[in-house]
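*Asks:* Predicted coordinates and the sequence they were generated for:
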Amino acid sequence: MAKLTLTTMLSLDGVMQAPGGPEEDPRDGFDLGGWVVPYADEGLSELIGDWFARAGAFLLGRRTYEIFAAYWPQVGDEEDPVIARRLNSLPKYVASTTLRTAGWQGTTVLGGDVVEAVRELKAQPGGDLQIHGSGVLARSLMAHGLIDEYRLLVFPVVLGRGHRLFAEGGVPAALALETAEALPSGVTMQTYSPAGRPAFGSF
């Protein structure tokens, strides 16, 4: 059975919107895009490359898919033998109620019952089924308990507004910390696995 992993970049206050550039995602008037760029260094690239190397397939929301599809097919394997090679050669599944066809080679559009389609994908053998970004999709799958591992890159910046991974109204859940690492840039890498419902008490 494939492990469904979520890799995402978060500000300290949990925002995941538009990490890569000012024009990436201006929804709801968001004008703080590109907040990851000042922290991008070799250590961050190696860490992300290690995660991509474990991929067996990719599962993306429509917005993230369109961002990826506009860039990565133009990058050759010799330029990026890890990320580009895998994104361009491995199966890609895009969850969308509006997208009908996808031009990026190896892409399948998941319409209809995405949750059930993801359950079927998870039942197949192979490497990680990886979600990158894709907040709307991630929150939907979190609500159904389908994510097996959270790979969170937390950046030392507070944005104050924007779309958050763990949004208001989400299903309460406990997570178990599996690994943690601090990069020289101040970025921290944290991986978590689901640990059931939260426990409560009092002092």
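*Replies:* Thanks, I have it.
*Asks:* in the protein, which spans are strands?
*Replies:* 4-11, 55-61, 92-95, 107-110, 128-132, 149-155, 175-182, 188-194 (DSSP state E).
*Asks:* Quick check: neighbours of the third one in the sheet, parallel or antiparallel?
*Replies:* Going back to what we said before, that points to strand 92-95. Its sheet considered, strand 92-95 pairs with strand 55-61 (parallel), strand 107-110 (parallel) by DSSP bridges.
*Asks:* circling back: so for Phe166, which of the strands of the chain sits nearest?
*Replies:* strand 4-11 (9.0 Å; Cβ to Cβ). Placement of C-beta: from N, CA and C, glycine included.
*Asks:* Return the residues in contact with the residue sitting nearest the centre point of the chain.
*Replies:* Residue closest to the average C-alpha location in the chain (Cα atoms, centre = their mean): His132, at 2.3 Å. By Cβ atoms under 8 Å, 6 or more residues apart in numbering, the contact set of His132 is Thr7, Thr8, Phe58, Leu60, Thr64, Phe68.
*Asks:* Please identify the most buried of the strands paired with strand 92-95.
*Replies:* Among the strands paired with strand 92-95, ranked by average contacts under mean count of other Cβ atoms under 10 Å, first place goes to strand 55-61 (a mean of 23).
*Asks:* could you give the mean pLDDT of it?
*Replies:* The average pLDDT for strand 55-61 rounds to 97.
*Asks:* which residues touch that strand?
*Replies:* The contact list for strand 55-61 (Cβ under 8 Å, 6+ apart) reads 2, 4, 68, 86-87, 90-96, 118, 121, 126-138.
*Asks:* Got the phi and psi for the nearest residue to Gln124 once chain neighbours are set aside?
*Replies:* Nearest in space to Gln124, with sequence neighbours left out and distances taken as Cβ to Cβ, 6 or more residues apart in numbering, is Ala2 at 5.8 Å. Backbone torsions for Ala2, taken as degrees, to the nearest 10, come to phi -80, psi 140.
*Asks:* Please work out how many residues are found near Ala2.
*Replies:* 18 (other Cβ atoms under 10 Å).
*Asks:* hang on, it packs against Gln130?
*Replies:* No: counting by Cβ atoms under 8 Å, Ala2 does not reach Gln130; the two are 9.5 Å apart.
*Asks:* Asp41 versus the nearest residue to Glu149 once chain neighbours are set aside, what's the distance?
*Replies:* In space, Glu149 comes closest to Thr5 once its chain neighbours are excluded; the distance is 4.5 Å by Cβ to Cβ, 6+ apart. Using Cβ to Cβ, to the nearest Å, we find Thr5 at a distance of 23 Å from Asp41.
*Asks:* Cheers, nothing more for now.
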